[in-house]
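J.: Below are the sequence and a predicted model for it; my questions follow.
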Amino acid sequence: MSSLEDRLRRLILEHGPISIARYMALAVGHPTGGYYPRRDPLGAAGDFVTAPEVSQLFGELIGLALLQHWLELGSPERVALVELGPGRGTLMADAVRAMRTVSQFLDAISIHLVETSPVLRERQAAALPGLPVHWHDELGEVPNDRPLLLVANEFLDALPVRQFVRRSGRWHERMVAVDDTGEFRFAVAPRATPFPEAVGGVGADASEGTVLELAPAREALAEGIAARLVAQGGMALLIDYGSDREVMTGDSLRAVRRHVAADPLAAPGEADLSTHVHFRAVARRCALAGAAVFGPLPQREFLERLGIEVRLGHLLARAQPAQRESLESGCLRLLAPEAMGTLFKVLAMSAPGGPLPPGFREDERWR
């Protein structure tokens, strides 16, 4: 039994069931027992693999897109290059390598990594030697006196969500409780939650048993990014797996451990927890904050518009046979519908009146 598991059990037994949001926040982020603060979860020896670890093409194209936007902004003398949840620093390292084609850009940037894990901060420092890197526990610590160029890849999915289930015409919050044997289990709050259906985009005629996911922490963070873009200028790319359908119904909470699905309530703090991002809800909040919002686009289409096939061709021309196989298989995994190509999506934001984010068209602006 982990110390976090024991803490959670005592908490519930003493104070009653806790929300799924609180359970996720503690299981993922508890400073001594949480999942992320204690480990490097990436790679074959970890629990999952993200796009930057799959292929260098991903980070390089992101870097070139951010560089292009800086040029279209008029090449400001100071800019904050920001990544939320930067993993091992692979994406930023690949992005900066691609950005080296314009030395003035490297002179203009300061790199800001929003990361709370001491383990991953060490990995990031090793991946970015000699660069002007600053670490922060939260976005609010990043300087607000210059334009932002921000990327968040597989960050939003890890933020806590609340779930509600329809019972007898009313919404009751799903909770995490402890059963008679001491095991964690899902439960339903006996009292209904008095919020209007409009909050979740559902109607009063939602069927019995419908599960609704709301992500106030995720939307608040995205709104904060949008507000900073309005005030400071710049662009943000939010890349994650999820849906752009009108209403986010259904239970998307999932756990991954050693690259396979796991029980989200088993061994809290030992598995990655995430949910699907409701891009429509995020886009709506960001647009209300005043940002210009675009998409979401399927990852495949976004990378193809940025020129992934051309970039792959340039790398293959200089690659050894073993490298060629790795480059081609990595590119396929990024683009294939059965892999990351369509489940993963890209939402872009920019300051109102600013240039279009690279890879997006005017008719893809959120209205």
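T.: Nice, I can see it.
J.: so where does residue 106 fall, helix or strand?
T.: helix 103-108 (DSSP states H and E).
J.: State the mean pLDDT of that helix.
T.: Across helix 103-108, the average pLDDT comes to 93.
J.: From the contact counts, what lies against the helix or strand just after it?
T.: Proceeding C-terminally, helix 103-108 gives way to strand 109-114 as the next helix or strand, assigned by DSSP H and E. Packing partners of strand 109-114 (3 or more CB pairs under 8 Å, 6 or more residues apart in numbering; DSSP states H and E): strand 79-84, helix 90-99, strand 133-136. C-beta here means a position set from N, CA and C on the backbone, and glycine is covered the same way.
J.: roughly how far is the helix or strand following strand 109-114 from the heart of the chain?
T.: Using DSSP H and E, the next helix or strand after strand 109-114 towards the C-terminus is helix 118-127. The chain centroid and the centroid of helix 118-127 are separated by 19 Å under CA atoms, centre = their mean, to the nearest Å.
J.: Helix 118-127 versus strand 109-114: what angle between them?
T.: Orientation check (axes from the mean of the first three to the mean of the last three CA atoms, to 10 degrees): helix 118-127 against strand 109-114 gives 160 degrees.
J.: State the three-state secondary structure for residue 313.
T.: Under the three-state scheme (DSSP: H, G, I helix; E, B strand; the rest coil), residue 313 adopts helix.
J.: how close does it get to residue 61?
T.: Noted for residue 313: a distance of 13 Å to residue 61, by CB to CB, to the nearest Å.
J.: and what of residue 257?
T.: From residue 257 to residue 61 the distance is 30 Å (CB to CB).
J.: By mean pLDDT, which helix or strand of this protein comes out lowest?
T.: Least confident helix or strand, the chain: strand 260-262 with a mean of 87, by mean pLDDT, DSSP states H and E.
J.: what's it packed up against?
T.: Using 3+ CB pairs under 8 Å, 6+ apart, strand 260-262 sits against strand 254-257.
J.: Tell me which residues of the strand it packs on come out buried.
T.: For strand 254-257, burial by neighbour count (16 or more other CB atoms under 10 Å) applies to 255-257.
J.: in the chain, which residue is closest to the centre?
T.: Geometric centre of the chain, nearest residue: residue 155, 2.3 Å, by CA atoms, centre = their mean.
J.: contacting residues for that residue?
T.: Residues in contact with residue 155 (CB atoms under 8 Å, 6 or more residues apart in numbering) are 84-85, 238, 240.
J.: got it, and residue 160?
T.: By CB under 8 Å, 6+ apart, the contact set of residue 160 is 20-22, 24-25, 28, 215, 217.
J.: pLDDT-wise, what's the bottom of these?
T.: Of all the contacts of residue 160, residue 28 carries the smallest pLDDT score, 89.
J.: Would you agree that one is in contact with residue 271?
T.: No. Counting by CB atoms under 8 Å, residue 271 is not a contact partner of residue 28; they are 9.4 Å apart.
J.: joint contacts of the two?
T.: Joint contacts of residue 28 and residue 271 (CB under 8 Å, 6+ apart) are residue 35.
J.: now the stretch 51-200 of the chain, which segments are flagged as low pLDDT?
T.: Across the stretch 51-200 of the chain, the ranges flagged by pLDDT under 70 are 196, 198.
J.: 80 instead?
T.: Applying pLDDT under 80 to the stretch 51-200 of the chain picks out residues 195-200.
J.: The stretch 201-350 of the chain too?
T.: Applying pLDDT under 80 to the stretch 201-350 of the chain flags the ranges 201-205, 245-248, 259.
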